[in-house]
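Asks: sequence plus predicted model, see below.
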Amino acid sequence: MHQKHMSRVFMQGFIFLVIASLASGSGSKASAKRNILVGDSEGWRAGTNYTRWAIKNSPFRLNDTLVFKFPPRGNSTIVPSVYLLPNMWSYMTCEFRGAKLLGNAVQGVGEGLKIELNQLKPYYFASNEGNAYDCIAGLTKFIAVPSTRSF
C-alpha cells in the first residue's frame, strides 16, 4: 500500500478513536438503548465512506445496536459483507486474518443484521469484498467506540 495513503488513513482512524475515547469518559450508564441504522437510509453498501457516517452519529452508547441493512442483490450491485476486525492494526492495513464474519448478503436483508455494542471496547467493522479494495481505499469500514455516558 502506498505510504502516503496509509498515513492519511491511519490519521483518520486515529483521530476518530481519540475523539470517541474522549467522549467516553466515566458517567452514568446510557438510559435508552438505541437502534442505529448504519449508513442511514442508504444502508451498508460498497464505495461509501462510513468513517464520516460514524463521526456524524457518534458518540455511540454501551448497548446500542448497529443495524446493517444491505442493498438488494442486482446485476451491478456489490453487496458487502460485515467483518469485525480484531484490532487497530488489522483495521488500518485491511488484514482480515483473525477477523470474524458477522454477516453476508443473506443476513443483511429484511430487518438487517443487528450487532449490539455490549462491551466497552473499540469495534472495527469492515467489508472484504473485491479483495478488500474498498477497505484499502478507506471505504466500507468504520470504528465504533461505545461510551457509558449519556449525552
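Replies: Structure's in. What do you need?
Asks: which residues in the protein form strands?
Replies: 35-37, 60-61, 65-68, 82-85, 100-103, 113-116, 123-126, 141-144, 146-147 (DSSP state E).
Asks: ok, and the closest non-adjacent residue to Leu101?
Replies: In space, and not counting its chain neighbours, Leu101 is closest to Tyr83: 5.7 Å by CB to CB, 6 or more residues apart in numbering. Where C-beta positions appear, they are placed from N, C-alpha and C, glycine not excepted.
Asks: isn't that neighbour right up against Arg97?
Replies: No - between Tyr83 and Arg97 there is no contact under CB atoms under 8 Å: 10.9 Å.
Asks: give me the more crowded residue out of those two.
Replies: Using other CB atoms under 10 Å, the more surrounded residue of Tyr83 and Arg97 is Tyr83, with 23 against 7.
Asks: hey, what's the more buried one bridged with?
Replies: Bridge pairing for Tyr83 (DSSP bridges) gives the partners Leu101, Ala126.
Asks: quick one: Tyr124 and Leu84 touch, right?
Replies: Yes - in this structure Tyr124 lies within contact range of Leu84 using CB under 8 Å: 6.6 Å.
Asks: higher neighbour count, these two?
Replies: Neighbour totals were compared for Tyr124 and Leu84, and Tyr124 leads with 23 against 15 (other CB under 10 Å).
Asks: how close does that one get to Cys94?
Replies: Look at Tyr124 and Cys94: by CB to CB, to the nearest Å, they are 10 Å apart.
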